[in-house]
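Trainee: Predicted coordinates and the sequence they were generated for:
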Amino acid sequence: MALARSLLHPAAKPLVFVASLLPFAWLVFGAATDRLGANPAQYLSRATGDWTLRFLCLTLAVTPVRVLAGLPTLQRFRRMLGLFTYFYAVLHFLAYAWFDQGFDLGEIARDIPKRPFILVGFAAFVLLTPLAATSWNRAVKAMGARRWQALHRIVYAIAGLSLLHFFWMRAGKNDFAQVAVYGAILGVLLGWRLLDSVRRRGMRLRAAAFPGAPGPRSPRVRG
Ligand code: HEM
């Protein structure tokens with residue numbers, strides 16, 4: 001299939017890398033040329049939050065799209081997209097630390113537990129950190145596939161906390177339209193994963209009971 005082949009092209013990964021950096025490039029360019037509106041600090045805080053959530057959705061979409069579209073080579077891009085989620089989360093946190101708190105660590109430590117929506121966003125950020133740190137092949141080997149997979153299941157909690165953070169922030173403005181869209185996307189992506197894991201467990205049990213039966217299909221392409 002042409003699409004599956006083009007995903008394996010040597011230029012595919014650099015292209016996805018450059019495309020993922022475009023929002024960052026736009027923010028730097030916009031800030032340098034004063035194109036971020038009347039309140040550039042707020043624009044940067046919000047845009048980096050939006051891009052964190054978008055990359056989280058993209059990362060979570062890789063496996064369902066890979067399975068449903070029969071494109072095992074798509075898996076090569078998951079780690080990069082996950083790391084870009086973390087990259088935008090770091091920028092988002094730095095924007096808050098800089099524009100809201102003037103990089104005063106004491107103020108940050110006092111503010112986070114005081115404001116529930118910030119606390120929830122911070123929890124999502126903290127939980128993302130071990131996922132980014134263990135996204136390398138060497139970490140997978142050192143931890144063993146089972147423990148690595150168990151750890152990476154906290155992505156469900158991260159998605160839930162991110163959505164709650166966004167919901168809470170918009171609740172102050174009574175504006176839930178975008179929250180509902182992201183909620184629906186994350187609901188479909190996580191719902192699919194849940195159903196898939198139930199299906200796999202069923203197949204494993206069947207395979208154990210009837211050793212001739214086909215096992216769960218799990219094409220893995222790391223890159
Ligand atoms: C995975 C982690 C996170 C995600 C996905 C996330 C996502 C978002 C999103 C989507 C928004 C709303 C943007 C908009 O209105 O268009 C937002 C706003 C905000 N987030 Fe986060 N966030 C995360 C972590 C954090 C952390 C760690 C902090 C600070 C400790 C934080 C502080 C804020 C603040 C202060 C706003 C409001 C910005 C403003 O109105 O000026 N977030 N975040």
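Mentor: Received it, and whenever you're ready, just let me know what you need.
Trainee: what are the ranges of the helices in this structure?
Mentor: 2-7, 12-32, 40-69, 78-95, 105-114, 116-133, 137-143, 145-152, 155-171, 177-209 (DSSP state H).
Trainee: lowest-confidence stretch among those helices?
Mentor: Ranked by mean pLDDT, the helices of the chain bottom out at helix 2-7, with a mean of 87.
Trainee: Contacts made by that one with the rest, please.
Mentor: Helix 2-7 has contacts (CB atoms under 8 Å, 6 or more residues apart in numbering) with Ala12, Leu71, Pro72, Thr73, Leu74, Arg76, Phe77. Where you see a C-beta, it was placed from the backbone N, CA and C, and this is true even at glycine.
Trainee: ok, the residue nearest in space to the middle of the chain - contacts?
Mentor: For the chain, Leu56 is the residue whose C-alpha lies nearest the centre (CA atoms, centre = their mean; 2.2 Å). Contact analysis of Leu56 by CB under 8 Å, 6+ apart lists Thr85, Ile158, Ala159, Ser162.
Trainee: Then Ala61?
Mentor: Ala61 touches Leu189, counting by CB under 8 Å, 6+ apart.
Trainee: Next, find the distance separating it from Ala159.
Mentor: According to CB to CB, to the nearest Å, Ala61 stands 12 Å off from Ala159.
Trainee: any common contacting residues for these two?
Mentor: Leu189.
Trainee: Check the contacts of Leu56 one by one and keep those near the ligand.
Mentor: Ser162 (CB under 6 Å from any ligand atom).
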